[in-house]
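Undergrad: Based on what follows, work out the 3D shape:
(chains A and B)
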Protein chains: 2
Amino acid sequence: MIKARVTVTLKNGVLDPQGKAIEGALGSLGFEGVHQARQGKVFDLELDTADRAKAETDLKAMCDKLLANTVIENYTIAID
Amino acid sequence: MIKARVTVTLKNGVLDPQGKAIEGALGSLGFEGVHQARQGKVFDLELDTADRAKAETDLKAMCDKLLANTVIENYTIAID
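TA: Sure, this is the predicted structure:
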């Protein structure tokens, strides 16, 4: 079994209203000096295979097809 | 300036319907052998300080107060 973590983040330049809201909320709570906040997603997947190369190919296809919107998002794959 | 990444994931045992839906969708797309999928959140923060110790204390407080629901979620902090 292979465990993998896929992290999906917005590309630079893409507006992130949710991140802006978090930045504002942190300011309201008294945390000074939060210059920027951006929110992304993380997926923890367990694959029933022992073939790391196949797992990596599959994970890339999963990201391109479902997990990330590659027009506005970047993704990184980390395999344990 | 300090860049930090906060990763918030559901604790073990907490139901994750969104993760289950992703698992199902991956199966429908023909990705066999996805045993488990769980979704979490990631926050990329930029702090206007050079004091790493203070930044870490602040980030922990931010997680406890706003970014994570510590009843059902775990968080990890990675400072660049």
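Undergrad: Which helix or strand lies directly C-terminal to the longest strand along chain A?
TA: Using DSSP state E to define each element, chain A has its longest strand at strand A:34-47. Counting by DSSP states H and E, the element after strand A:34-47 in chain order, helix or strand, is helix A:52-62.
Undergrad: what about that following helix, near chain B?
TA: Yes - judged by CB under 8 Å from any CB of the partner chain, helix A:52-62 and chain B are in contact via A:58, A:61-62. (C-beta placed from N, C-alpha, C; glycine too.)
Undergrad: For those residues, which single residue is the most surrounded?
TA: When the residues of helix A:52-62 next to chain B are compared by neighbour count (other CB atoms under 10 Å in any protein chain shown), A:M62 ends up highest, at 25 neighbours.
Undergrad: isn't it right next to B:E23, touching?
TA: No - in this structure, A:M62 sits apart from B:E23 without contact. The criterion is CB atoms under 8 Å, and the distance is 11.0 Å.
Undergrad: Flag every residue of chain A that's near chain B.
TA: Of all the residues in chain A, those lying near chain B are A:1, A:7, A:9, A:19, A:22, A:25-26, A:29, A:31-49, A:58, A:61-62, A:65-67, going by CB under 8 Å from any CB.
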